[in-house]
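A.B. asks: 3D model of this:
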Amino acid sequence: MPSEPHPSNPIGERKLIAVTSPNPQTPQSLQPIANRWALLVGINRYVDPAFSPLNFCVNDVIALEQILIQLDYTVVCLHDERDRNDPRFPTRDNIEAELKRLCDAVGNQDLLLVHFACHGTLINNQPVLIAQDTRYITLATKALSLAAIETQMRQSQASRLVLVLDACHTGVEIGRDISSDPEFIRNAYDLAEGFALIAASTAQQVAQEWQAMSHGVFTYYLLEGLGGKADQNNKGFVTINDLQTYVLNSLRRWNVQNGGLVQEPTARTEGLGDMILADYREHPLTFPLSVSVIASPASSSQLVSQKLLQTYDQVLILLETTPTPSPEQVLTVLRIRDRVQADLANTDATDLLQLAECDRRLKSQKVTVAKAIALTHSRQTLNPPETSWWWFLEPDAPYLWLNQPNWVWNALTILPLAVSGGLVINMWSYFLAGGLNAAGVGGIAFNSLVTLITGGSAIAQVKQEARNDLLTRLKFPQWSWKPISSSAAIGIMLVLSGVRINLPSLSMHYQKSGEQKFNAGDLDSALTNYQQAIALQPGNAEARYNLGRLYEDLQKEDQAIAEYLLAIQTISQATNPLTALRANNNLGRLYLLKGDATKAFPSLERALSLVTEDELKSNPEIQKNYYSVLKNMGWLRLLQKRYPEADALLQDAIVLNPERAAAHCLQAQVLEAQQQNKSALAAWQICSQYANRSNLEEDLWIGLANSAAQRLGQKGEKP
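C.D. replies: Numbers count the residues shown, from 1 in each chain. Below you'll find the predicted structure:
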């Protein structure tokens, strides 16, 4: 364990840099650094009011990030000015996850730098750091253990580890300290064997904050050193020793220049060679240090116009030269532009020309800005005026035809949606006409809901917030929003038009479903399906015919007659001759059951005319149904007492199907009416042989057949 520091030069409690190697080597044996990685954590505000808010911790890490990116570090920056749902919002889970991710990623010749700017305290004499969501009541179990952070870093493969601690909370109005307990740094030091420490002040002192520069004094000089000022011998790089020397000397000089405020920095290194932290030979800085304005509140009293313009120019250079700028880089540019605007009254003609040129360069970066951040979300947070055009930068449409006036896109949105609304109402009426079928109405209800929401919003306000938010999350550029809205409206119209055109197909689906239910004996479901099929396509003659058959089974003859009549009116005899034949035949038969031969004749006569000799010979279904037509026409002639015609028709039916009872039963009645008792008795015997009691008509005829022998035996046969 390291010895206690000399009382005259104690370790400061405000900040420290700790450097270690998990496998100590001599400087000569180290290989060149392969990759540089950095995890930065800055927290100003805490969920628990027990931890007082800080001023510039977020400023510190944002400024440090800008420098490290240029020095070829891969930077992961967590701070509490991000959205709470962002995985880089500095909760304890997010911090631990990002630290583990980096520790798993680094290689054995890499450098890993971890920097914390937040509150710190002691728990059981062990130093801990306070995450944004740490609660005071669970501090002992939920704070970030410094020992655990060090262990995690040591377990990585990196041969170079740098730990920078800026653990602080508000001590006095213009200063920060770590804790009222002076043992904080001593414990951090005792745990850090092999570490090189830089401390901003002793445990009894307050580490000062520099209000004019919006940073802690220590951080400001740390950033200046990394920015190149620590390279005193113009080597082209800055090492750990360079940075320590520059920061310590600068802090001492600052004490003298600021009224003798006591802030005595200290430093110690052990166990490592002098590693390079910033190498300008490979990565020259294009954005020199301007930490005094990055992410800090605008203050025209502290920042003159020329310095603001210089900073604006510098951050634009960084934006233009970075292949993939981070969201923080872009926001820095836009926020600095805000401050330039606020200080515009102090800008002279020469500066205005420079500003105009910088603005031209910023406008040329529209695509870069749009890829880096969602300006819509930023505008919702900051609510800038429309005159702040830089917050409304959007890439131009890639094709001229997309640059249409708003009224064109509005028309291409509203008109299709109006048509869609009409189609929805039209189709809704078809579904409702068939009854409240859950599947059918549910499908149309969905389309209706989409149309009402989108259409209503487009008519009231085309730029609706919900749409903008969705398209922003999907990373669509703003120039595409109106074309997308119009395309969506046209798409909805085309889909609904397709549904409307295909209602006959949907009607056929319900009809076939009804047939399946009917054959399975589920008459209620069959009835619903047939009604829905007719509602979707009133001209569906097949569905009307089937519904008539169902009504017959339910002994609702009048309703069956009505459906058969409608089927005959709507049927296309050329395309569906079989259904036409069946509907006319069944209608005639129902009239015959009512004893009304006059009404039965037209439909039966029409049915006879529908069948050609070729169809009769080649189509078994036509033969089967033509038998019924001949039988029913013979029945009609029997009722009219035109017996020879009836006998001829029934004989033709028997030839088509001699094993069906109905024609034999009717022929027996014709023969009996002609007093041909012997032939009638033979016909009654055949009728009785083939008759089916489940058939209402044949059951009646079975009774006549059973009494035929007695009845005909009492009558003499006609000579």
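
A.B. asks: Just list what the strand or helix carrying residue 664 packs against, helices and strands only.
C.D. replies: Take DSSP states H and E as the rule and residue 664 turns out to sit in helix 661-673. Using 3 or more C-beta pairs under 8 Å, 6 or more residues apart in numbering; DSSP states H and E, the elements in contact with helix 661-673 are helix 620-639, helix 643-656, helix 677-690, helix 696-706, helix 708-713. Every C-beta, even on glycine, is put in place using the N, C-alpha and C of the backbone.

A.B. asks: Mind doing that once more with 7 Å?
C.D. replies: If you count contacts as 3 or more C-beta pairs under 7 Å, 6 or more residues apart in numbering; DSSP states H and E, helix 661-673 packs onto helix 620-639, helix 643-656, helix 677-690, helix 696-706.

A.B. asks: so who does residue 682 touch?
C.D. replies: For residue 682, the contact set (C-beta atoms under 7 Å, 6 or more residues apart in numbering) is empty.

A.B. asks: pLDDT score for it?
C.D. replies: Predicted confidence (pLDDT) for residue 682: 90.

A.B. asks: just residue 447 next, same as before
C.D. replies: Among the per-residue scores, residue 447 shows a pLDDT of 53.

A.B. asks: Equivalent analysis for residue 643, please.
C.D. replies: 93.

A.B. asks: That one: how many residues sit nearby?
C.D. replies: By other C-beta atoms under 10 Å, 17 other residues sit near residue 643.

A.B. asks: about what we covered before: turn the helices and strands packed on helix 661-673 into JSON lines, including distance to residue 46.
C.D. replies: JSON lines is the format used below for the helices and strands packed on helix 661-673 (distance: least, C-beta to C-beta, whole Å):
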{"stretch": "helix 620-639", "distance to residue 46": "84"}
{"stretch": "helix 643-656", "distance to residue 46": "96"}
{"stretch": "helix 677-690", "distance to residue 46": "96"}
{"stretch": "helix 696-706", "distance to residue 46": "88"}
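
A.B. asks: separation between residue 691 and residue 676?
C.D. replies: Spatial separation of residue 691 from residue 676 under the definition C-beta to C-beta, to the nearest Å is 20 Å.

A.B. asks: Equivalent analysis for residue 234, please.
C.D. replies: Here the criterion is C-beta to C-beta. By it, residue 234 lies 137 Å from residue 676.

A.B. asks: Repeat that for residue 100.
C.D. replies: Computed as C-beta to C-beta, the residue 100 to residue 676 distance reads 107 Å.

A.B. asks: Then residue 394?
C.D. replies: Residue 394 is 99 Å from residue 676, by C-beta to C-beta.

A.B. asks: could you dump the host helix or strand of residue 488 to PDB, C-alpha only?
C.D. replies: Assigned by DSSP H and E, residue 488 belongs to helix 481-501. Listed next in PDB are the C-alpha coordinates belonging to helix 481-501 (Å, rounded to 0.1, in the frame of the first residue of the first chain):
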ATOM      1  CA  TRP A 481     -43.200  13.900 -44.900                       C
ATOM      2  CA  LYS A 482     -45.800  15.400 -47.200                       C
ATOM      3  CA  PRO A 483     -45.100  12.900 -50.000                       C
ATOM      4  CA  ILE A 484     -45.400  10.100 -47.500                       C
ATOM      5  CA  SER A 485     -48.700  11.400 -46.200                       C
ATOM      6  CA  SER A 486     -50.000  11.800 -49.700                       C
ATOM      7  CA  SER A 487     -48.800   8.300 -50.700                       C
ATOM      8  CA  ALA A 488     -50.400   6.800 -47.500                       C
ATOM      9  CA  ALA A 489     -53.700   8.500 -48.300                       C
ATOM     10  CA  ILE A 490     -53.600   7.300 -51.900                       C
ATOM     11  CA  GLY A 491     -52.600   3.800 -50.700                       C
ATOM     12  CA  ILE A 492     -55.500   3.700 -48.300                       C
ATOM     13  CA  MET A 493     -57.800   4.800 -51.100                       C
ATOM     14  CA  LEU A 494     -56.400   2.100 -53.400                       C
ATOM     15  CA  VAL A 495     -56.700  -0.600 -50.700                       C
ATOM     16  CA  LEU A 496     -60.300   0.300 -50.000                       C
ATOM     17  CA  SER A 497     -61.100   0.500 -53.700                       C
ATOM     18  CA  GLY A 498     -59.600  -3.000 -54.000                       C
ATOM     19  CA  VAL A 499     -61.700  -4.200 -51.200                       C
ATOM     20  CA  ARG A 500     -64.800  -2.600 -52.800                       C
ATOM     21  CA  ILE A 501     -64.100  -4.100 -56.100                       C
END
